[in-house]
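Visitor: Here is a sequence with its predicted model. Questions after.
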Protein chains: 2
Amino acid sequence: MATKKWVYRFSAEQTEGNRSMKDLLGGKGANLAEMASLGLRVPPGFTISTEACIDYQNNKKVINEDVKTQVLESLKFIEKITQKKFGDSVAPLLFSVRSGARASMPGMMDTVLNLGLNDKTVEGLAHVTNNPRFAWDSYRRFIQMYANVVIGLNISLLEACMEDLKEARGYHLDTDLQAADLKELVGHYKRIILEETGKAFPTDPMEQLWMAVGAVFGSWNNARAIKYRNLHNIPHNWGTAVNIQSMVFGNLGEDSATGVCFTRDPGTGLKRFFGEYLLNAQGEDVVAGIRTPGPINNFSKNDANRSLKTLEEVMPVVYAELCDVYQKLEHHYRDMQDIEFTVEKQKLYILQTRNGKRTANAGIQIAVDLVKEKILSEKEALMRVNPEDLNQLLHPRLDPNAKKEVLANGLPASPGAASGEIVFTADQAVKLHEAGRKVMLVRQETSPEDIAGMVAAEGIITARGGMTSHAAVVARGMGKPCVAGCSALKVDHENKILTVKDREYKEGDFLTIDGATGEVMDGVVPTLEAKVSDSFGEFMKWADAVRRLKVRANADNPQDAFIARKFGAQGIGLCRTEHMFFDPERILAVREMIFAKNKSERERALAKLLPFQRDDFFGIFKAMDGLPSNIRLLDPPLHEFLPNELHEKEELARSLHVSLLEIDERAKQLHEFNPMLGHRGCRLGITFPEIYKVQVRAILEAGIMAQSQGVKVHPEIMIPLVATIKELSLLKQDLEEVAKQVFEEKKQTLQYKVGTMIELPRAAIMAGELSQVAEFFSYGTNDLTQTTFGLSRDDAGKFLGEYVAKGILDADPFITLDQSGVGFLIEYSNRIGKEKNSKLHTGICGEHGGESRSIQFCHKAGLDYVSCSPFRVPIARLAAAQAAIENGK
Amino acid sequence: MATKKWVYRFSAEQTEGNRSMKDLLGGKGANLAEMASLGLRVPPGFTISTEACIDYQNNKKVINEDVKTQVLESLKFIEKITQKKFGDSVAPLLFSVRSGARASMPGMMDTVLNLGLNDKTVEGLAHVTNNPRFAWDSYRRFIQMYANVVIGLNISLLEACMEDLKEARGYHLDTDLQAADLKELVGHYKRIILEETGKAFPTDPMEQLWMAVGAVFGSWNNARAIKYRNLHNIPHNWGTAVNIQSMVFGNLGEDSATGVCFTRDPGTGLKRFFGEYLLNAQGEDVVAGIRTPGPINNFSKNDANRSLKTLEEVMPVVYAELCDVYQKLEHHYRDMQDIEFTVEKQKLYILQTRNGKRTANAGIQIAVDLVKEKILSEKEALMRVNPEDLNQLLHPRLDPNAKKEVLANGLPASPGAASGEIVFTADQAVKLHEAGRKVMLVRQETSPEDIAGMVAAEGIITARGGMTSHAAVVARGMGKPCVAGCSALKVDHENKILTVKDREYKEGDFLTIDGATGEVMDGVVPTLEAKVSDSFGEFMKWADAVRRLKVRANADNPQDAFIARKFGAQGIGLCRTEHMFFDPERILAVREMIFAKNKSERERALAKLLPFQRDDFFGIFKAMDGLPSNIRLLDPPLHEFLPNELHEKEELARSLHVSLLEIDERAKQLHEFNPMLGHRGCRLGITFPEIYKVQVRAILEAGIMAQSQGVKVHPEIMIPLVATIKELSLLKQDLEEVAKQVFEEKKQTLQYKVGTMIELPRAAIMAGELSQVAEFFSYGTNDLTQTTFGLSRDDAGKFLGEYVAKGILDADPFITLDQSGVGFLIEYSNRIGKEKNSKLHTGICGEHGGESRSIQFCHKAGLDYVSCSPFRVPIARLAAAQAAIENGK
């Protein structure tokens, strides 16, 4: 039987892996092999496979003999091609040792450089480089790294030792240390290691190597790595590979250098080679930021480096070679690359290449350009952009170069950056806004009564509430920046003082927020306006051509409907009629209705609401000309409409001619222990049929008005919180009676559909029955998640964080749809519903409708559309396209 | 093609139906045919089929010609065998016309007697009976009934007319009216009908007949009947049959009689023929209660009728014939019969037989006796008793002969009758109970703090709350009478006044309740103690032999466990550990735990609870020696343990050395919008692991103590409110650590199982995963119903009544399990769970575990056991047996 292959070489002379072998060689190892195969000059080396790691774990943490044999063979091979020798005092071969798992995974051992140095080889290095200081400094750094990551020594002991020496010599900088100092320091380091561990620092390079390999293997199972894998659902049996690569040095003098470059501009996406470099430096030095790196070419110049020479000027041959390399790599990988290189004595080495990070704008530009350059197909280009990144494009953002002082971090509840002077009440927000001032609404938490203030404000900050709190949901719907649940803020509404970190802010003080990061900042931080390029439009056209899922928007008024359409919405997926009830002139009629003593009083109050609602629906129908508008009948429990503030109660009592006591009495009657599971949704429609009847009348009258003006009206009337077929059929019957009346009165008919929310587990289970009566299902995944999990969105904040942190939940299920639980109910009911009624139309209108992973799911589950807040429509369009590309239409 | 058969005869000479033909002939018609076939003397007649009714409805409410032809043929046949003629002035044939559907169904037209009388035939009747007064009175009654049920006239017009005549003549009683008076009255009646309807009263007997038949058919679709069918899910296309039967008269003189008899004593079930009769009377007269009926034999004598002669004495031949009949009928129907008979001139006619109503005791006695008499098999006997009736046997009940004044009706929350003096607080209940007095606890609603008072009281009344409110659930668990949600009561706790119907009751006044009916009564109404017979024991043994489902009890303390075992429980299905926390000496430690500032303070407070819990578990294990005890770890949210009353808060503040403000602050922090969906169940176990750890320690230490004394201990540790596999596996891990510690400390191990409640839809959906970790599933159907329906048990009271009344729900889903919705989740998860883990043990521990229909479902769904309150264990045992008989084991 042939011995198993555990070790894979990469070099110009022999390369045994390629980029498809990530499972076996890890990401880093596979890419090194790939680059070597491409003929790029990669420092030669070899990779010990992930299987060897697993074998090590299962074999009492012993590296097996076959692995050792193969490592030694490859080591000999590297010695041969580099003409150096491991452990040699004349031409010593040194290695870097790095871990590299299948997926990028922090928490494991990272890197040991210069492995192979000892008291003998360091002299060889000094001789070869003709630079004793460099050699001893390399040795010192090696011992320090080794002590830290292989031995696990507390590194501050060594650091303190170096500081003592510097102080004794009167030095200020590390660079003041001379070769002799560094040699002395090496002696101290070795002594400390012996004292602390009871074992001498290994001077045998082979022992160093085995120890380092064992340390990398072992680090796969250290606590941080396990926790990370648990959190990210990475299997524990993958293991990590170990990359052993010969060292090259960019710090051997002015003919050496190190740098990083991008094949295109990562900020704009423009096709121009871009990067920076440092002469006589190692990679770490670029990161450390002590010296300002130079631009590699004229394109890469900026205010900070304009005075420095370009690599093109300093090393024209190397630069020309680098240009060849970057073109080769970009063509090969078919994406913009982020490349690390080192120049050792005018010789260019490529150390790493990977797809480069970029801004959202650049991402789209690059994707569109790559299609035009015939490098990518349209579908491939669509897969290259993360839908969530589009958020950056559609909202103003902080100027990345601006200074900012972050006061506190809350939840990134609604993206966009905004500044404004603090107000503590919705009324004040409206007042100042009307006076032309920019305000930031700061509240403990918001309620429906704050809507007008939220509209008036530039941004909203709340101290309480989660990603799906009232403030967050409404702000996202408006496309308004919001930081929610910022618990570091103490909001004193009474005295109008905001306290954060012992600093007090008053009305009139300015704050800035970044709703994409959750940051709350002092004063006014400059922002950049959102703007979309032509490429964006082209890109989205491709997305629309490819997707099967339609994308609608949640919009409660004509203005939102208009914005939604501008963003490409193909209809309204959810119009929450209760949002029409909070306007000051309307809320009184709503409250009259609640205090009505009988049906006729209730009808009288409702009649006052009819024209308001009709106007709103009319505006929405006009905005949606030719597209469907899904309108949900009243959903929240009536107590949500009652006033909380004393002065409002008094006003209500006056206008209803009742006592304050009666107001409180009724509030008490309406109080519920669990309002989420209470007297709401269609349960209101059943007990107070006249509420739904007046809403249906408003919808149909508005529809007929619009139709008379030539607008194509497609109303979908949606009944919420249905649990049983009889609720739905009874209410549909009521609704049809109203329709008959309206059509007779207006001598005109109107096509409309009737359907239901699926937001209770029972509704999902009974889908087969419900689809006999409903023409559409709309999944209200917010409530469906609450009931399926038995988890109140308003209360879960107290422990959901801990749940996610402990890995009990992968993600907040109110943000990312729980596919196995809630998703089961959606898949099941969608399948059964369509089996029983082939014309059934289905979509999702919960918050999840705008979240990429959830949209993937909706596609696979076979829904017809998703609906989300207007500003997320482009995101949903792209996510839907990606779902179609990945899963077929 | 042969004409369809629409009409079926019953008579000694020819009978065309039998009791299996209920669908076609209705219940009444099928039984009349059956009795005629048995050779009993049934007044001859015929039945028009239910199909004719449907035909009539579909045929513009016209009786089709074939039906008419067949009716006429059968009418001729009856004329022939009775030697009378319909419409004849010499020997007139008269009919009763009655509806009779497949299922007993109130709301339809009932009965018209003496049909066929007119001005001519009345003379014939007078002549034949030699009794003109009888004849004219029969005629008058006929017109009145006809006017009422066929014409739909307001009957008070006729009644007023009769009263006028009586006044004019100076009569007091109806019987004062002479033949001439009645004749005059008939004239008046006919005139009124003409005036009111514009049409003359039909004197043609055939017209009378067709009108009556049409009226019966039509009544199938009157509003009341439709509503009844909607409510009871009776299909609208069944239709009703019409029974047309020749009249016999028990009021033709002293040689005629009418009566009702039971083949066995319906009160005790003893095998003795029992009944009463009236000479010279019609069936209505027995019901009217003007004369005291006589006993048919000596067995039937009681204080009221002891002085009257028996039928046996007065008509020995008829009595002997009746004895033959009753034995024949009981043997034929194999059950105790309730028989109506009429004697017309010494000739016995049987008008009706049906299974007789009986007390629960009698029902069991009869069932057991019928088995001994080899009439029934044991299984048949088991099917004869309604499990719910056993409730009567296990609780004291009102003396049926006692006088009572019902003040108000509430919900029958927990069966049994009790009297006591009113107290308004739990404290007062305990105090008076200790002084040897009997108290009735009256509360607006109860909370866990009232438990001690509930234990002390004879019965509990609440003004608010439903069948599954705290008071109801706890009272049922204790087997204590309770009337809940009695909204007619105004409870003024402050002034200690109970107001009902403008009457005030104070502390010390007495009330009586019947928890089986929901009645609240003034003063002390005598009650009868519960007692079970030997037959009961034998009957239950048969049930136990036949059932597959095991029956466990919900018990939270040793006392309940003891009672449960006495009632035949095969283990504890649910021990709610939080119920152990409310005792005054314990609640303080619980509150200390809640106010703990860190883990170690929390552990210190919890340590105080350890011995209490250990003692309780020890007692429970001893009571359950050899049987499993399922113990649920803490479930309710912590805020449920906080004090509400000021003096308690003050006490707590003192004992914790904190301010009252801090107490309120913490309460505010813990407040939840939807506590049902909040921080409770295993979510507490995740965030405060030390709570569950101390509970597990108490369980295991108690188990080891008991085991050391030779008790066989089988603890099942149950983790509540699980939604994800990781919650369960994390907590199981914690629990196993504690077990390891305890076993090491005690140097002894103990077998235990770990499992989970399935009470969230997500848990049911994820059953396949959960069953990999759980050894058992226990369905918490209360919460599962709440979450599946999105319906709060505490809030649903406001509209659930309307839901049931409107037929949206067949029954309160918190009482009878919703099989199609919640049941789907149970069936699915039980199936999947057992597929993935063949050793998985499953049961139900919600309130539904003691409800017969739900138990049927649990059997069919394949669960292993049901668990219910101790007093319902016998009911569950019988229901489980019936389920096994009906569906196979």
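Guide: On my side now, so go ahead.

Visitor: what about residue A:406, neighbour count?
Guide: If you count neighbours by other Cβ atoms under 10 Å in any protein chain shown, residue A:406 ends up with 14. All C-beta spots, glycine's among them, are computed from the backbone N, C-alpha and C.

Visitor: measure the closest residue to residue A:12 other than its chain neighbours to residue A:175 for me?
Guide: Of all residues not flanking residue A:12 in the chain, residue A:36 sits nearest, at 6.5 Å (Cβ to Cβ, 6 or more residues apart in numbering or on different chains). Distance check for residue A:36 against residue A:175: by Cβ to Cβ, to the nearest Å, it reads 35 Å.

Visitor: How about residue A:273?
Guide: Distance from residue A:273 to residue A:175, by Cβ to Cβ: 32 Å.

Visitor: Show me which of the two is the more surrounded one.
Guide: More crowded of residue A:273 and residue A:175, by other Cβ under 10 Å: residue A:273, with 20 against 10.

Visitor: for that one, what are its contacts?
Guide: A:261, A:262, A:263, A:264, A:296, A:297, A:299, A:300, A:323, A:326 (Cβ atoms under 8 Å, 6 or more residues apart in numbering or on different chains).

Visitor: Of those residues, keep whichever come out buried.
Guide: Using 16 or more other Cβ atoms under 10 Å in any protein chain shown as the burial test, the contacts of residue A:273 include A:261, A:262, A:263, A:264, A:296, A:297, A:300, A:323, A:326 as buried.

Visitor: Nearest to residue A:884 among those?
Guide: residue A:264 (27.5 Å; Cβ to Cβ).

Visitor: Against chain B - does stretch A:672-681 have any residue that ends up touching it?
Guide: Yes. Counting by Cβ under 8 Å from any Cβ of the partner chain, chain B is contacted by stretch A:672-681 at A:672, A:673, A:674, A:675, A:676, A:677, A:678, A:679.

Visitor: These, buried ones only, as a ChimeraX selection?
Guide: Buried members of those, defined by 16+ other Cβ under 10 Å, are picked up in ChimeraX with:
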select /A:672,674,675,676,677,678,679
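
Visitor: Residue A:124: which of the residues of stretch A:672-681 next to chain B is nearest?
Guide: Of the residues of stretch A:672-681 next to chain B, the one sitting nearest to residue A:124 (Cβ to Cβ) turns out to be residue A:676, at 74.3 Å.

Visitor: Thought residue B:677 was touching that closest one, still the case?
Guide: Yes. Contact between residue A:676 and residue B:677 holds when scored by Cβ atoms under 8 Å: they sit 6.3 Å apart.

Visitor: and stretch A:494-504, is it in reach of chain B?
Guide: No. Stretch A:494-504 lies out of reach of chain B by Cβ under 8 Å from any Cβ, never closer than 16.0 Å.

Visitor: Show the average pLDDT along that stretch.
Guide: Mean per-residue pLDDT for stretch A:494-504: 91.

Visitor: Would you mind writing the CA trace of that stretch as PDB?
Guide: Below are the C-alpha coordinates for stretch A:494-504, written out as PDB (Å, rounded to 0.1, in the frame of the first residue of the first chain):
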ATOM      1  CA  GLU A 494     -38.400  65.500  32.100                       C
ATOM      2  CA  ASN A 495     -35.400  67.800  32.500                       C
ATOM      3  CA  LYS A 496     -34.400  67.400  28.800                       C
ATOM      4  CA  ILE A 497     -30.900  66.200  29.500                       C
ATOM      5  CA  LEU A 498     -29.000  63.400  27.800                       C
ATOM      6  CA  THR A 499     -26.100  62.000  29.800                       C
ATOM      7  CA  VAL A 500     -23.400  59.900  28.300                       C
ATOM      8  CA  LYS A 501     -20.100  59.100  30.000                       C
ATOM      9  CA  ASP A 502     -20.800  61.800  32.600                       C
ATOM     10  CA  ARG A 503     -21.200  64.400  29.900                       C
ATOM     11  CA  GLU A 504     -24.500  66.200  29.700                       C
END
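
Visitor: show me where the stretch 151-300 of chain A has helices.
Guide: Counting by DSSP state H, counting those that start in this stretch, one finds helices in the stretch 151-300 of chain A at the ranges A:156-169, A:179-197, A:205-219, A:223-232, A:283-288.

Visitor: Worst mean pLDDT among these?
Guide: Ranked by mean pLDDT, these bottom out at helix A:283-288, which scores a mean of 68.

Visitor: Number of residues surrounding the nearest residue to residue A:200 once chain neighbours are set aside?
Guide: Excluding its sequence neighbours, the residue lying closest to residue A:200 (Cβ to Cβ, 6+ apart) is residue A:194, at 5.2 Å. For residue A:194, the neighbour count with other Cβ under 10 Å is 12.
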